[in-house]
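# From the sequence below, what's the structure:
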Amino acid sequence: MNPYVSLARNAVEQFVKTGTAMTPGGDWDEKILKEKSGVFVTIENGEKLRGCIGTYLPTKQNIAQEIIYNAIAAASEDSRFHPITEEELSGLSYTVYVLSEPEPAKSVDELNPKKYGIILCSAANPKKCGLLLPDLEGIDSVERQLFACSQKAGLDLAQENCHLFKFKVKKYCDPKNN
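Next up is the predicted model:
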């Protein structure tokens, strides 16, 4: 199993069973302990989403801490779902997305929903902001990607001036996802 996915799984299992967050250590790859990046963690139970939370810019000391923090948040703080229970743990699968630094998109012609995720923010109110990861099921055009992201942010693209950013991800999947 990929070390990023394993770390997300172990972080959630420890938190659900003990209520404590793990600290990274042991035989970790240097990259996970030295590099910084935004990270999203998605948790699924079969085909059902159970949580997805992340950061598009790094907020922690390294990728390992970012994965731990976001995995626990996805399991316990995603407002769309009740917190994950110990009974669910064996049926869960995890996907970890490590994000490149977002860059401004000069026009929608630069976008490709299979290759780039997007961030859409209101120019007048930076708190009105939405993010959509790349290569999502049902998002097969730039128009659908922009619409879905604007809906998440509560933005009306016809009425509001917005800033648009694009980013790439490295996606690490649980073998259960295949």
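# show me where pLDDT drops low in the protein?
Scanning the chain with the threshold set as pLDDT under 70 gives 25-30, 176-178.
# do you know how far the spatially most distant residue from the centre of the chain is from Cys52?
For the chain, the largest distance from the centre (C-alpha atoms, centre = their mean) belongs to Gln159, which lies 28.1 Å off. The gap separating Gln159 from Cys52 is 28 Å, by C-beta to C-beta, to the nearest Å. For every residue, glycine as well, the C-beta is placed using N, CA and C.
# List the contacts of the spatially most central residue of the chain.
Central residue of the chain (C-alpha atoms, centre = their mean): Phe40, 2.2 Å from the mean position. Counting by C-beta atoms under 8 Å, 6 or more residues apart in numbering, Phe40 touches Cys52, Ile53, Gly54, Thr55, Asn70, Val96, Tyr97, Leu99, Leu133, Val169.
# Quickly check those residues for the two that are furthest apart.
Ile53 and Val169 (14.9 Å; C-beta to C-beta).
# From the contacts of Phe40, pick the one nearest Val5.
Once C-beta to C-beta is applied, the member of the contacts of Phe40 that ends up nearest Val5 is Val96, at 5.6 Å.
# Which of the three states applies to that closest one?
The three-state label given to Val96 by DSSP: H, G, I helix; E, B strand; the rest coil is strand.
# quick one, what contacts it?
Neighbouring residues of Val96 by C-beta under 8 Å, 6+ apart: Asn2, Tyr4, Val5, Leu7, Ala8, Val39, Phe40, Val41, Thr42, Ile67, Lys171, Tyr172.
# quick one: secondary structure of the fourth one?
Under the three-state scheme (three-state DSSP), Leu7 adopts helix.
# mind checking how far it is from Asn161?
For Leu7, the distance to Asn161 - C-beta to C-beta - is 40 Å.
# Of those two, give the one with the bigger neighbour count.
Each of Leu7 and Asn161 has its neighbours counted (other C-beta atoms under 10 Å); Leu7 has more, 25 against 9.
# Please report how far that one lies from Gly138.
The gap separating Leu7 from Gly138 is 29 Å, by C-beta to C-beta.
# Can you tell me the closest non-neighbouring residue to Gly46?
Gly91 (6.8 Å; C-beta to C-beta, 6 or more residues apart in numbering).
# With Ile68 instead?
Here the residue nearest Ile68, using C-beta to C-beta, 6+ apart, is Ala11, at 4.3 Å.
# got it, and Asp140?
Closest residue to Asp140 apart from its sequence neighbours, by C-beta to C-beta, 6+ apart: Pro113 at 6.6 Å.
# Understood, closing this out.
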